[in-house]
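Novice: structure here, sequence nowhere to be found:
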């Protein structure tokens, strides 16, 4: 398959902290596998991170860390376009232009905006979660608290990330599916309004297999930075072992073949991701006959995780120490990303009537 005919894949991660096992098994490992078959574009979303007003020094460090983690996990700058979102200024201009075709109401109705806006305002989810009730909450909120406009228009910026590269396959989590559908809507709306066929409608990219849900260590839910239940790729062995040994468990099976509780099911899921089938069977059998010792299970799990993360962590540290290499990767990535972004923006400006005399 020629380079020109490869479908365009795009994915970004917000620059809000280090990558964890959920990022690795849910996305990064799969990204590495598709680099040869698709036109892959992976970026670090520092503009998206601004919606939470991060410390400037920490934001820059987060960008460097994620870049190094991308590379250490196996993303190849010779095969994929790896770039920092803010290094492509065309994104910011197209963000402005596309917002002219986006309604305030449809942005305010997104589930993620409602959730994040309530958190910003310090209010919980009320019994009446209708759009009308939410709008009254926002209007009546205390004046010493605010919801920034970037948070409201987050779906527009995400749409621009995708549409400016004319990506057709976008791997997203369940919480981002609504945003992807908005991207499709915005693309259709623009094309229809101007009678053009500028933007393809992107679809979710599942890599041809079942999605991987990596659980956290707190006994419920998935692994996530905001939940504080993560094992990071950069974790040192001592810290990683300590986290795993503190993972939530239960009182243990009380009878043979007892149902497995959620906290233990989560540990088994992590074991299945990181250990051999023989090890998994050993502990499942031990649970079934009530001979399982959770301490032994956790020690095994910690060592099996370390077998995966240790070489990645070592590569991360080596890459972080090479500032010249990091700079060369983002420079090359920005040049590639800007080439297509500039062409798309030029077409969009012309279509909208923004032309030079």
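Specialist: Sure thing, it's come through. Note that this is a predicted model, so its numbers are computed, not measured.
Novice: so what touches stretch 255-262?
Specialist: Outside stretch 255-262, the residues within contact range by C-beta atoms under 8 Å, 6 or more residues apart in numbering are 219, 220, 250, 268, 287, 288, 289, 290. C-betas here are computed from N, CA, C, even on glycine.
Novice: quick one: the helix or strand containing residue 307 to chain centroid distance?
Specialist: Per DSSP states H and E, residue 307 falls inside helix 294-320. Centre-to-centre, helix 294-320 and its host chain are 22 Å apart (C-alpha atoms, centre = their mean, to the nearest Å).
Novice: which helices and strands does it pack with?
Specialist: helix 56-73, helix 237-245, helix 262-274, helix 277-288, helix 323-352 (3 or more C-beta pairs under 8 Å, 6 or more residues apart in numbering; DSSP states H and E).
Novice: which one of those lies closest to residue 27?
Specialist: Across these, residue 27 has its closest neighbour in helix 56-73 (9.4 Å, C-beta to C-beta).
Novice: what residues of that closest one count as buried?
Specialist: Neighbour counts over helix 56-73 (16 or more other C-beta atoms under 10 Å) mark 59, 62-73 as buried.
Novice: out of the residues you listed, which comes closest to residue 282?
Specialist: residue 73 (28.8 Å).
Novice: excluding chain neighbours, what is closest to the closest one?
Specialist: residue 28 (4.4 Å; C-beta to C-beta, 6 or more residues apart in numbering).
Novice: re the thing from before, next, format the helices and strands packed on helix 294-320 as TSV and append mean pLDDT.
Specialist: Shown next, in TSV, are the helices and strands packed on helix 294-320 (pLDDT from 0 to 100):
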stretch	mean pLDDT
helix 56-73	96
helix 237-245	96
helix 262-274	95
helix 277-288	97
helix 323-352	98
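Novice: format those as CSV; extra columns: distance to residue 42.
Specialist: Listed next are the helices and strands packed on helix 294-320 as CSV, based on distance: least, C-beta to C-beta, whole Å:
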stretch, distance to residue 42
helix 56-73, 6
helix 237-245, 25
helix 262-274, 22
helix 277-288, 31
helix 323-352, 9
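Novice: residue 44 is nearest to which of those helices?
Specialist: Going by C-beta to C-beta, the one of the helices and strands packed on helix 294-320 nearest residue 44 is helix 56-73, 5.0 Å.
Novice: chain center to the closest one: distance?
Specialist: 14 Å.
Novice: helices or strands next to that helix in the packing?
Specialist: helix 29-34, strand 39-45, helix 46-49, strand 81-84, helix 294-320, helix 323-352.
Novice: circling back: the helices and strands packed on helix 294-320: which one's closest to residue 230?
Specialist: helix 237-245 (8.2 Å).
Novice: would you mind pulling the contact partners of that closest one?
Specialist: 217, 231, 235, 295, 298, 299, 301, 302, 305, 306, 309, 310.
Novice: which of those sits closest to residue 172?
Specialist: Out of the contacts of helix 237-245, the member with the shortest distance to residue 172 (by C-beta to C-beta) is residue 231, at 22.5 Å.
Novice: and the nearest residue to that closest one once chain neighbours are set aside, how many residues sit next to it?
Specialist: Distances taken as C-beta to C-beta, 6+ apart place residue 21 nearest to residue 231, at 4.8 Å, with adjacent residues excluded. Residue 21: 24 surrounding residues under other C-beta atoms under 10 Å.
Novice: do residue 17 as well
Specialist: Neighbours of residue 17 using other C-beta under 10 Å come to 18.
Novice: isn't it right next to residue 62, touching?
Specialist: Yes. Under the criterion of C-beta atoms under 8 Å, residue 17 makes contact with residue 62 at 6.2 Å.
Novice: dump the residue contacts of the residue nearest to residue 73.
Specialist: 19, 69, 70, 73, 74, 75.
Novice: alright, I will stop here.
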